[in-house]
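Colleague: quick check, what structure comes out for this input:
(chains A and B)
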Amino acid sequence: MSEPGDAAVSSGSGDGRVVVDLRGIRKEFPGVVACDGANLTVRAGTIHALLGENGAGKTSLVNVLSGVYLPDDGEIWVHGRQRQFHSPADAIAAGIGMVHQEFRLVPTLTVFENVVLGSAPRYLDMGQIIERVAHLAATYSLQTDPARPVWQLSVGERQRVEILKALWRDADVLVLDEPTAVLTPAEAADLGLTLRSMADRGRSVIYISHKLDEVLSVCDEATVLRNGVTVAQPRSLAGIDRSDLAEMMVGETATEIQRPTDQPSGDVVLDLEGISALSDRGLPALHSVDIDVRAGEIVGVAGVSGNGQRELAEAIAGLRPTTAGTMQLAEVDITGTSPRARSRAGLAYVPEDRLGVGLAPTMSVVDNAVVRSYRSMRRRMMLDLRRCEDFCKRLVERFGVQVGRLHEPISALSGGNLQRLLLGRELTGEPKVLVAAQPTRGLDVAGIAAIQSQIVAQRAAGVGVLLISEDLDELLALSDRLIVMYEGQVAARMDPTQVSRADVGAAMAGTASA
Amino acid sequence: MSEDAIIGLLVATVQFATLVYLAGLGELIAERAGVLNLGVEGMMAMGAVTGFMAAIATDRPWVGFAVAALVGMATAGVHALVSVIMGAGQVVSGLAITIGGLGFAAFIGQDAVRERADSVFTDLSIVGLADIPWVGPILFDQPPVVYLAVVLGVAAWFVLSRTRLGLALRAVGESASTTDSVGHSVILLRTSAVLVGGAFAGAAGSFLSLYMAAGWTEGLIAGRGWIAVALVIFGAWRPGRLAAGSLLFGFTLALQPRVQTFDLTILGLEVNTISPALLGILPFLLTVVVLIAISFRARHRPSPAPAALTLPYRREER
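Modeller: Just a heads-up that it's a prediction; the model follows:
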């Protein structure tokens, strides 16, 4: 990959012909407007970056293009004709090929079977099909063995199979949703070459990414989304640098969150020294992270998703083994101890996946409420159901959870109410440290305000809070100190009152300042 | 022990193997598409009784065979409706079909029990081959259904592994959402597979009433449908291995009726004095042993079972 400075962006072999034109796309989900007047214009023979923060509407926009969602408003033009896509099959027929973040492959089938599935000839002449798939792969320098079963392949190879699937259907627009998130750097470089060879043959690529370096070295043009609206459409990326892109993505929005009043912070209650851990795939995800949190302060953790924040939260909660370093909670060494021991030592944990890790979806509100403290509600060998219910009622009242019946499955609750209950449950028993991962993500305005005011109240009560969030406004408004994670390391430590969104954005992109 | 007794045992082995192979092949097709159908026993009973009655009424065994296949298909249609189209639990629906099918077959067959079977399949000697010593009588002097089972087995293998339809069927049994996303209809594929499986089971049932037992009685199927279900696992969901398993199970099934004709002493025990009831357990004992053995299969590779087996599919909506 080339240096961002001299980003040798070829203009592609594009003749300027518009292949895809999305005009004023609006897509609303219950309580959330994902796209609100988004435009996207893609020319033949170009690699087009679709940029934006999490929740900016990138994925929703391309799902409209690929027929997964029907837009509420707006027009889809492909090859100069207005189209309506009612299913992915319609979009495939119009030449749109989508590579989702989660691959749609059948592991027990071979590569060529996966490639031709859905558009195979009636009789499978294996030798001939293998040859055709191999030829197609070679044309776009996609290394693969068509006869191997997919379960034996690495993630990078599986992605190549997904691209082959689109090429087999003769897609002239290939949409890749964060394609390098799962790739090694070498695989990512190969992918860049493949995409360029597609563009050189007149096809177009829509490339969703947060990785600004990558966008600058791979892409020709860009569209930047913010809050579901297209805010910038540079025709060429030549002469644009990383911080320009970061600024377009982040923008300058007014914050409405009240800063908590200043207060002196106390002793260190959470102390991580040199913590390292592996990702789910067994690759290093955290490298020697040092973080300390004092009583009565909020330490914010910023970063583009996938830079180790999830692993950090899980390592502190005891859900992910650490490979190096020590951890202390209120001067008790908790390195290597169980989640239960940490909870007893005074840790409250609000996980990112609130309805998978945080709560048991099919169990009742009461069961979920007492699952952390049921041991104090026993009567001899049995649970005292009345005490459980009373406990749950108090929790529901104190944290303003709107709930129908206490014994209905908790999955019936809305996101905001789930989070209120989860946070309330974790905060019982006066914890010393609260680790909250993406606590306000996906909530409506009222839910966000309720959760944020709880976090601030905990700070006032002397709890040390580690707030991991992708919402920069939230972090800047609430944090006493700000840490920026990049590639599993602490890339910057900042004073939120002294930095701008652009500074933080640059650090998130890997340009250490501050 | 005479040559005739051994040949008789092997002839019966091939016939019992045909019985469980036909039913197992149908189950295999449904399971490859991701639908477990535990109704095989019930579908076989329905096929056996209706096939027998139709053959008597028309005096043509082939008409009975065809009717049995259609009735098996219709019975399987209930399973397809409940479990594929409406997405209810496959296990419950299949068990209901077995229990209901056995009961319904006994009900409609009340009069057929007393019927004498005149119009049943007769052996079809293949000219030239049937005279080969040993092999001839065992393989080439059998009822036509035996030859048909071989043809159907080869056809099933070909369709599953060499055609677009087979690829789609295998894919829908592994991942319905992937198959849906490339434009195949999950409902259509799975329903067709279940219906074809039902036809095979019904036809297998009529092979019992139209040849092997040459009559209908309640309890005629006697658990052979369950053996077919277990055979699919034994055969690792592949038609070829299913055939090998069918012969093995066919042999244990044939022992019970044939052993009494043996004049053989092993370790001082006269074989023909072994209780037939004890011998009747043998196939089921073998089933248990086989299922345990299979569970110890190497774990580093994916299980041969279709990954989406028993999982209903509903297109996600957001």
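
Colleague: mind listing the helices for the stretch 201-350 of chain A?
Modeller: Secondary structure of the stretch 201-350 of chain A (DSSP state H, counting those that start in this stretch): helices located at A:212-218, A:242-250, A:309-317, A:339-345.

Colleague: list the contacts of the helix or strand of chain A with the lowest mean pLDDT.
Modeller: Counting by mean pLDDT, DSSP states H and E, chain A has its least confident helix or strand at helix A:242-250, which shows a mean of 76. By CB atoms under 8 Å, 6 or more residues apart in numbering or on different chains, the residues outside helix A:242-250 that reach it are A:4, A:51-53, A:56, A:210, A:212-213, A:215-216, A:222, A:224, A:226, A:231-232, A:472, A:501-502, A:504-506, A:508-509, A:511. For every residue, glycine as well, the C-beta is placed using N, CA and C.

Colleague: which of those residues are close to chain B?
Modeller: Among the contacts of helix A:242-250, no residue sits close to chain B (CB under 8 Å from any CB of the partner chain).

Colleague: now, these that are in strands?
Modeller: Among the contacts of helix A:242-250, the members falling in strands (DSSP state E) are A:L51, A:A222, A:V224, A:R226, A:V231, A:A232.

Colleague: correct me, but the fourth one touches A:K58?
Modeller: No - with contact defined as CB atoms under 8 Å, A:R226 does not count as touching A:K58 (10.4 Å).

Colleague: what touches both of the two?
Modeller: With CB under 8 Å, 6+ apart as the test, A:R226 and A:K58 both reach A:G52.

Colleague: looking at those two, which is more packed in?
Modeller: Neighbours were counted for A:R226 and for A:K58 using other CB atoms under 10 Å in any protein chain shown; A:K58 has more, 27 against 20.

Colleague: surely that one and A:I208 touch.
Modeller: Yes - using CB under 8 Å, A:K58 is in contact with A:I208, at 5.1 Å.

Colleague: shared neighbours of the two, anything?
Modeller: In contact with both A:K58 and A:I208: A:L50, A:L51, A:D177, using CB under 8 Å, 6+ apart.

Colleague: flag every buried residue along the biggest helix by length in chain B.
Modeller: When chain B is parsed with DSSP state H, its longest helix is helix B:3-32. By 16 or more other CB atoms under 10 Å in any protein chain shown, the buried positions in helix B:3-32 come out as B:5, B:7-32.

Colleague: please apply the same query to stretch A:22-40.
Modeller: Residues of stretch A:22-40 classed as buried: A:L22, A:I25, A:R26, A:K27, A:V33, A:A34, A:C35, A:D36, A:A38, A:N39, A:L40 (neighbour count, 16+ other CB under 10 Å).

Colleague: can you pull the pLDDT of the last one?
Modeller: A:L40 carries a pLDDT score of 95 in this model.

Colleague: which strand or helix spans it?
Modeller: strand A:32-43 (DSSP states H and E).

Colleague: and that strand, which strands flank it?
Modeller: strand A:18-29 (antiparallel) (DSSP bridges).

Colleague: verify the stated contact: A:R320 with A:E311.
Modeller: Yes - look at A:R320 against A:E311 with CB under 8 Å: they come within range, at 5.8 Å.

Colleague: neighbour-wise, which of those two wins?
Modeller: Higher neighbour count among A:R320 and A:E311: A:E311, with 25 against 19, using other CB under 10 Å.

Colleague: would you agree that one is in contact with A:I275?
Modeller: No - counting by CB under 8 Å, A:I275 is not a contact partner of A:E311; they are 9.5 Å apart.

Colleague: need the overlap of contacts for those two.
Modeller: Contacts common to A:E311 and A:I275, judged by CB under 8 Å, 6+ apart, are A:L286.

Colleague: so which helix or strand takes in the residue of the stretch 1-150 of chain A found nearest chain B?
Modeller: Residue of the stretch 1-150 of chain A nearest chain B, by CB to the nearest CB: A:G118 (2.8 Å). Per DSSP H and E: A:G118 is located in neither a helix nor a strand.

Colleague: A:V435 too?
Modeller: Assessed by DSSP H and E, A:V435 sits inside strand A:433-437.

Colleague: who does that strand touch, helix- and strand-wise?
Modeller: The contact analysis (3 or more CB pairs under 8 Å, 6 or more residues apart in numbering or on different chains; DSSP states H and E) places strand A:433-437 against strand A:268-278, helix A:309-317, strand A:347-350, helix A:415-427, helix A:445-460, strand A:464-468.

Colleague: name every strand pairing with it and say which way it goes.
Modeller: strand A:347-350 (parallel), strand A:464-468 (parallel).

Colleague: got JSON lines for those, with mean pLDDT and distance to A:V365 too?
Modeller: As requested, the strands paired with strand A:433-437 are arranged in JSON lines below (pLDDT from 0 to 100; distance: least, CB to CB, whole Å):
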{"stretch": "strand A:347-350", "mean pLDDT": "95", "distance to A:V365": "17"}
{"stretch": "strand A:464-468", "mean pLDDT": "96", "distance to A:V365": "26"}
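
Colleague: what about the closest residue to chain A within chain B, how many residues nearby?
Modeller: Closest contact between chain B and chain A, by CB to the nearest CB, is at B:V182 (2.8 Å). Residues near B:V182, counting by other CB under 10 Å, number 21.

Colleague: can you tell me how far it is from A:I130?
Modeller: B:V182 sits 19 Å away from A:I130, going by CB to CB, to the nearest Å.

Colleague: now do the residue lying closest to the residue of the stretch 1-150 of chain A closest to chain B once chain neighbours are set aside, the pLDDT please.
Modeller: Spatial nearest neighbour of A:G118, chain neighbours left out: B:V182 (2.8 Å); criterion: CB to CB, 6 or more residues apart in numbering or on different chains. The model reports B:V182 with a pLDDT of 86.

Colleague: B:V182 against A:V115, yeah?
Modeller: No - applying CB under 8 Å as the test, B:V182 and A:V115 come out as separate, 10.2 Å apart.

Colleague: what's the neighbour count on the closest residue to B:G8 other than its chain neighbours?
Modeller: Leaving aside its chain neighbours, B:G8 sits nearest to B:R258 (5.9 Å; criterion: CB to CB, 6+ apart). Neighbour count for B:R258, taken as other CB under 10 Å: 20.

Colleague: repeat that for A:E75.
Modeller: By other CB under 10 Å, the residues close to A:E75 number 13.

Colleague: ok, now which ones touch residue 233?
Modeller: No chain in the question, so chain A it is. Residues near A:Q233 by CB under 8 Å, 6+ apart: A:N39, A:T41, A:E221, A:A222, A:T223, A:V224.

Colleague: to clarify, I was referring to chain B.
Modeller: Taking CB under 8 Å, 6+ apart, we find B:I233 in contact with B:V290, B:L291, B:I294, B:A305.
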